[in-house]
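*Asks:* Prediction below, plus the sequence it came from.
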Amino acid sequence: MRKLLIFLTVAVFLALLLLAAHIIYIHKYVPTEKFPEDTYLSKVEVKKALVISAHDDDICAMSGTISKLNKAGWEIKQLCFDSKDEARNEAHLKAASYILDEASFFEIEGLPFRIVDDSIQYTWMPIPKETFPKVYQKELIKDELIKMIIEFKPTVIFSLDNLLGGYGHPDHTFISGLVVEICKEDKRTVEKIYQSVFPDSYEEGLFPDLKNRASKYPSPYYAANEMYNIDGMPQPDVQVDIYENSWDKKMFLSTYLEGERKNIRKYMPYYEHYPHWFYFWLFDKEYFRVLELK
């Protein structure tokens, strides 16, 4: 009995030690910067937001903010391309139900949104922005987005950033840039664009690790920085505290199929390993670059 007690004590001690070591390890990703707390979103009179992304899971880093606004009475819709995978689409619609009113997919006259280019070996690798009109059905997509904006009349649009597209994926950069182009041509009801971005310290901890883990593949993040002559994502203008919406965010992230969860893990390390109340105590902020449309 005494030996069993000693064994259990040692086992518990080692487990706690390993847990503490892992917490110290993931703490390196916790952003060190502080940005002004957003005040605009709490004062908007017409509480309508449109979330526009290329892919269904692109909104993971803004999902806490979207949930927070939805609970505060905002009407929120998401628009992204159809993945053409019925199981994935169903999983996304279920995931989205935790944080917003309606998620929908759009098609462009039955055509693929991206024109096939056999010279692109990896579709996630960046391409020169001047080639976007040749690679994407730009005018058709633009028309569809304008129709949605006119119909829904959002005050705010959420997207990824239009400089890097999060990590360099050309679909992200193209769609986010198209949103900016549309709103600058005619802002209509849209007052501001909130672009989801990471602080420098998060990028500095995350992307070198990703490059090392995926060493057999080229890195879109570093290739995009070089191609576009930039240094990572644009700096955040504001931060939003999302801790009270941590359960909704965890449910949203966890409802995706394994393929999408695998991708989310790259940019939100170990989020599945911890309960929502602990993980999002460490990562309790979401960050945005805000474009004002005047």
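*Replies:* Sure, I can see it.

*Asks:* which ones are touching the nearest residue to V46 once chain neighbours are set aside?
*Replies:* Across the structure, with C-beta to C-beta, 6 or more residues apart in numbering as the measure, the residue nearest V46 apart from its sequence neighbours is T155 (4.7 Å). Heads up, the C-betas are built off the backbone N, CA and C, glycines and all. Applying C-beta atoms under 8 Å, 6 or more residues apart in numbering, one finds that T155 lies in contact with 44-49, 189-192.

*Asks:* repeat that for 7 Å
*Replies:* By C-beta atoms under 7 Å, 6 or more residues apart in numbering, T155 lies in contact with 44, 46, 48-49, 189-191.

*Asks:* From those residues, pick the one nearest F280.
*Replies:* Top of the list for closeness to F280, among the contacts of T155 and by C-beta to C-beta, is A49 at 21.1 Å.

*Asks:* Any stretches of the chain with poor pLDDT?
*Replies:* Applying pLDDT under 70 to the predicted model, the residue ranges of the chain that meet it are 1-22, 109, 116-121, 212-215, 294.

*Asks:* all strands of it, in order?
*Replies:* Read by DSSP state E, the chain holds these strands, from start to end of the chain: 48-52, 75-81, 102-106, 156-160, 192-197, 238-241, 285-292.

*Asks:* sorry, back to before: how much space between the residue nearest to V46 and S67?
*Replies:* With distances defined as C-beta to C-beta, to the nearest Å, the gap from T155 to S67 amounts to 18 Å.

*Asks:* same question, Y98
*Replies:* Distance, Y98 to S67, by C-beta to C-beta: 7 Å.

*Asks:* Overlap of the contact sets of the two?
*Replies:* Between them, Y98 and S67 share these contacting residues under C-beta under 7 Å, 6+ apart: D248.
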